[in-house]
Structures are given as C-alpha cells and as structure tokens.
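# The following block contains a protein sequence and its predicted model.
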Amino acid sequence: MLKLLGKSSSINVRKVLWTLDELGLAYEQQQYGSGFAAVDTPEFLALNPNGMVPVLMDGDFVLWESNTICRYLVQKQGDTTLLPADLQARAKTEQWMDWQATELNNAWRYAFMSLVRQSPAHQDQVALATGIQQWNRMMAIVDAQLQKTGAYISGSEFTLADIVIGLSVQRWMMTPIERAQLSAVAAYYELLSQRPAFLKHGRNGLP
Ligand SMILES: N[C@@H](CCC(=O)N[C@@H](CS)C(=O)NCC(=O)O)C(=O)O
C-alpha cells in the first residue's frame, strides 16, 4: 500500500492526494508537518533531508518533491492523460507544473502566510502589498492562458498541470486580498469544481 506523509492542509500534499484520487490509487496517509507530527526528527529527516512534506513511500522506495511524486504516480499507473504521451503536449504540461513550483509559488507565499496562516514573521505591510501585487500579476498570466485554451491550463484536456495550478487558484480565491477581476480564472475554478477529487482535497474549506 502506498503511504503518504503530510498534512491535508498543505498545498503540496494536496497535489498528491488529488493525483492519487484521479488515478484511483489506494493509499494510507499520516499527518506530518507543522501542527502535526514533527518533520525535524532524525527519523523524518532520514526520509526527507529538507524536513518537508509530502513524502511518498512505495514499499522501500521513498520520494519527496510534490510534482515529482505526482509524475511518479501517473507513470506508475501508465496513465497518458494526466501526462500526455505526445512530446509537445507533455512539455507544455510540465512547463506549467515547473512554473507553478518556481515562479507562482514564490509569488503567493508572503500574502498567504501573512493573511491566512497569520504568521508573525510575515506581517510587514510593504512586503505584503508587494506580494499581493506579484500574486495578481501571476494570476493574470494564468487568466490570459485560460482565455486562449478556453478550458484547461495546457489545452483542451485536464492534466497534472491543472492539479498544481488549480490548487494555487484555490489559494488565491480563499485568501482575503483584493483580487484582480479575472473571468477565465473564475470559470476555471468552477470547471475544476466539477471534479470530486478537487472538492475533497482542494476546495474543501481547509485553510
Ligand atoms: N518543493 C517542495 C515544498 C514542500 C513544502 O514547502 N512543504 C511545506 C508544506 S506546504 C512544509 O513541509 N512545511 C514544513 C511543515 O509544515 O512543517 C514540494 O513541492 O514538495
């Protein structure tokens, strides 16, 4: 049985939970991360030296980095819809996944930590205003892309890129900031909400 270590409120754990459900895979989850089981113990650090969740255990095989775990699960199942077999379709899917993990994640972190997690270390008002501006600018890139595809982030089909971008959209929607009016992003949020796994692991009211 696959084992997933990580708390259900973490966006990176949610990516894996959503992917597992889309693939219909059975798994056992243990809640690790701040507020739950510690990730700075020698036992946990032996699994992931970064002291972060998620961590996937497939028997003796241990894997960290959320997007890598999602790719692993899709390929383990031999699924060619979430990660298309076509070279260019797959490259576009991975482009949006990598952009989410690097550019987009960095843009929303300060505002989310400040306003949702209420982190004392993220209460500088200038940094918060800059963070909100950066987040809205990134979401405008998502909106422009969705205007082009008229459906999902990398084209007409739902892929792994929608899992990682969709969870970022969910964060944007639930964080109390002044949001830019982005009609394609709003429509996309509703489109994703037709998927039971997104409602279960993403748009589920958990902060
Ligand atoms: N690049 C990593 C980032 C993982 C990450 O930032 N995890 C956060 C939760 S979202 C974490 O473990 N924070 C420490 C904690 O919760 O104790 C990934 O995508 O898996």
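Good, I have the coordinates. Values in this document were obtained by computation on a predicted structure and should not be read as measured data.
# alpha carbons only for contacts and neighbour counts from here, please
Noted.
# Report the central residue of this protein.
Closest to where the C-alpha atoms of the chain average out (Cα atoms, centre = their mean) is V164, at 3.7 Å.
# other SSEs contacting the helix-or-strand element of the chain with minimal mean pLDDT?
Within the chain, no helix or strand scores below helix 105-115, which has a mean of 94 by mean pLDDT, DSSP states H and E. Contacts defined by 3 or more Cα pairs under 8 Å, 6 or more residues apart in numbering; DSSP states H and E place helix 105-115 against helix 125-149, helix 160-174.
# Show residues contacting the first one.
Identification of contacts with helix 125-149 by Cα atoms under 8 Å, 6 or more residues apart in numbering yields 104, 107-111, 114, 122, 152-153, 155-156, 169, 177-180, 182-185, 188.
# got it, and stretch 8-24?
Residues from elsewhere that reach stretch 8-24, judged by Cα under 8 Å, 6+ apart: 6-7, 26-27, 31, 53-54, 66-67, 69-70, 73-74, 77, 160, 163-164, 167-168, 197-198, 201-202, 206-207.
# so, in contact with the ligand or not, that stretch?
Yes: Stretch 8-24 lies within reach of the ligand by Cα under 6 Å from any ligand atom, at 10-12.
# Dump those into JSON lines; add pLDDT as well.
Below are the residues of stretch 8-24 next to the ligand laid out as JSON lines (pLDDT from 0 to 100):
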{"residue": "S10", "pLDDT": "96"}
{"residue": "I11", "pLDDT": "96"}
{"residue": "N12", "pLDDT": "97"}
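# among the contacts of stretch 8-24, which are in reach of the ligand?
Filtering those for neighbours of the ligand using Cα under 6 Å from any ligand atom leaves 53-54, 66.
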